[in-house]
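In: quick one, structure for this:
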Amino acid sequence: MKEFQYFTPTKVYFGEGSHLKLKEALNGHHFKRALLHYGSDRVKEEGLLAEVSKQLEEVGISCFYLGGVVPNPHLSKVREGIALAQEKDIDLIVAVGAGSALDSAKGIAVGALSEYDIWSHYERINPVEKALPIISIMTFASTGSEMSKSSVITNEDTQVKRSISSDYVRPLYAFLNPELTLTVPEYQSMAGCSDIFMHTMERYFDKEGNLGITESLAESLMRDIIATTRKLKKDLRNYDLRAEVMWMSALSHNGLLGNAGDWACHRLEHELSGIYDVTHGAGLCALWGSWAKYVYQEDRQRFLKFANRVCGIEGNDDETIFKAIEYMEDFFKEIGMPINLQELGLALNDADITNLAKHCISTNKDGIGSIKKLYEEDMFAIYMKARG
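Out: Numbering: from 1, shown residues only. Predicted coordinates:
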C-alpha cells in the first residue's frame, strides 16, 4: 500500500434545516464581506439565497452576489468572481448550490489571493499557496466537493477541463440539508449517484493496494450506493434516501478512502465534458465498461474482488470479471445512464476520437491510471471501444 495523509478540516452541519445554523457557525469569526456564489436563479426563487444572506447580515457581514454558474463550470465565471472579490475586498466565499457552484467558488477563493493567473493553477504550473475561506451550502449530492480538496473547471475557449488539488480549498463549513435536494430531477439525481459511485470505485481500483479496512469501507459504500440509487429512482422525494446519498457523496471524496486510486476514467471523461459539455456522471458511465475491459488483465485479483464482494458474483476466472462488468452496465442502464458514447448522444468519427486522446495526453504526458498506465494509444483504444 502507499503512504497517505488524511486531513479533513471541514466541519459538517448535516440534517433538516442545517443551513439555518450558518449564523451559529459564524459566531466567533470576524468576516466582513462575503461573496455568495451560485448557479441557477432557483436558489433565489425558492428563498434559499435570502435565508443565507439574512444570517450573514445578522452577524455583520455584507453580502455581494455572483450567479450564473453552469454544469462543468467555466473559467470565465471564475475570473469574473476573482475580479469582483478583489474589487469588493471579499474575505469569505459562500457557495450556494450544486458542486459546480462550489468548484467555481474554490477557483475564485484561490485566484482572489494569487499573484498568478488562475488558470496557471489548474494547469499545475503554479502551486496553490493560499485561498479565501469557503463555506458550502449544498443543494445537490454528486461531486463530493463539499469536503474535498478538489476543484474542476472548464476553459471554454480551449475546451480543456482541468483540476486543482489543495487542502487550501477544503471548505471551512459544509451545510448538508437533504431537504434542499428533494426537487432535483431524476436524470440529474441518477447522474449524481453515478459520480458518487465512481469516486469510490476510482479509489478502490489501485494496483498498489489498500489497507484492509479502507478496502472494506469502499466495498460497503459501493454496495450501498447501488442499493440506495435503485430505491431513490422509484421515490425521488424520499428524505431518508436523499440523506443517504448526500452523506455518501461526502464520504466518497473527503479522503477517508485514501488519497490514491486509478482515476483514468475521470481523466478520460474530463475530455468529453470539456469538449462536448456532457453531464459528468453520465460520461463516466459511458466510459467505465470499455476501460474495465481494456485494463482488467493487469490486476485480475482486484477485479475478482470487485466481482465477488461488490457485485455478488462468485467465481475466480475471466468470465466472473466479464459478468461483473455486465452487472455494472446493466445497473447503469437500469438507472437511465448511458453505457457508450452513442447513448451519451455523441456520434464521433475517428478524427474526433483522435482529438480526445490528444487532449487527454497533452497535460498527462506521463500517462494516467494505476491498474494500467495509459498513454495516447491506450486512450484512443478505450474511446474507440466506448464509441458504441
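In: name the element residue 154 belongs to?
Out: strand 150-155 (DSSP states H and E).
In: give me the contacts around that strand.
Out: Identification of contacts with strand 150-155 by C-beta atoms under 8 Å, 6 or more residues apart in numbering yields 72-75, 78, 102-104, 106-107, 110, 119, 122, 145, 160-165, 169, 253, 270, 273-274, 277. In short, each C-beta sits where N, CA and C put it, glycine included.
In: how far away is the residue nearest to residue 202 when sequence neighbours are not counted from residue 326?
Out: Spatially, and ignoring its direct neighbours in sequence, residue 202 is nearest to residue 261 (4.5 Å; C-beta to C-beta, 6 or more residues apart in numbering). For residue 261, the distance to residue 326 equals 23 Å [C-beta to C-beta, to the nearest Å].
In: same deal with residue 304?
Out: 15 Å.
In: the two: which is more packed in?
Out: Legend: neighbour count by other C-beta atoms under 10 Å for residue 304 and residue 326, higher for residue 304 (19 against 14).
In: and for the helix or strand where that one lies, what's in contact with it?
Out: When elements are assigned from DSSP H and E, residue 304 belongs to helix 300-305. For helix 300-305, the external contacting residues (C-beta under 8 Å, 6+ apart) are 204-207, 215, 219, 292, 296, 315-316, 318, 320-321, 324, 371.
In: which ones among the residues you listed lie within helices?
Out: Among the contacts of helix 300-305, DSSP state H puts 204, 215, 219, 292, 318, 320-321, 324 in helices.
In: just the buried members of those residues?
Out: Among these, those classed as buried by neighbour count (16 or more other C-beta atoms under 10 Å) are 204, 215, 219, 292, 320-321, 324.
In: confidence-wise, which of these comes last?
Out: Within these, pLDDT reaches its minimum at residue 215, with 92.
In: so what's that one up against?
Out: 204, 305.
In: going forward can the numbers begin at 36, since that is how I track them
Out: OK, 36 is where the count begins now, so the last one is residue 250.
In: if I look at residue 224, how far off is residue 297?
Out: Residue 224 is 25 Å from residue 297, by C-beta to C-beta.
In: same check on residue 55?
Out: According to C-beta to C-beta, residue 55 stands 40 Å off from residue 297.
In: more neighbours: which of these two?
Out: residue 297 (24 against 15).
In: quick check: that one touching residue 240?
Out: Yes. The pair residue 297 / residue 240 is scored as a contact, 4.3 Å apart, by C-beta atoms under 8 Å.
In: what do the two both touch?
Out: Listed as contacting both residue 297 and residue 240 by C-beta under 8 Å, 6+ apart are 405-406.
In: quick check, distance from the helix or strand that contains residue 223 to the centre of its chain.
Out: Using DSSP H and E, residue 223 sits within helix 221-239. Relative to the chain's own centre, helix 221-239 is displaced by 8 Å; criterion: C-alpha atoms, centre = their mean, to the nearest Å.
In: what packs against it?
Out: Packed against helix 221-239 by the contact rule (3 or more C-beta pairs under 8 Å, 6 or more residues apart in numbering; DSSP states H and E) you find helix 247-269, helix 274-287, helix 299-311, helix 315-330.
In: mind putting the ones you listed into TSV with distance to residue 68?
Out: Formatted as TSV, the helices and strands packed on helix 221-239 follow (distance: least, C-beta to C-beta, whole Å):
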stretch	distance to residue 68
helix 247-269	39
helix 274-287	28
helix 299-311	33
helix 315-330	32
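In: among those, which is nearest residue 171?
Out: helix 274-287 (10.2 Å; C-beta to C-beta).
In: so which elements touch the closest one?
Out: strand 46-49, strand 208-211, helix 221-239, helix 247-269.
In: I'd like the ones you listed as TSV, with distance to residue 172 appended.
Out: As requested, those are exported to TSV (distance: least, C-beta to C-beta, whole Å):
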stretch	distance to residue 172
strand 46-49	9
strand 208-211	5
helix 221-239	17
helix 247-269	21
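In: quick one: closest of these to residue 119.
Out: Ranking the helices and strands packed on helix 274-287 by proximity to residue 119 (C-beta to C-beta) places strand 208-211 first, at 21.7 Å.
In: residues in contact with the closest one: which ones?
Out: Outside strand 208-211, the residues that reach it (C-beta under 8 Å, 6+ apart) are 45-50, 53-54, 56-57, 60, 170-173, 181-182, 281-282, 285.
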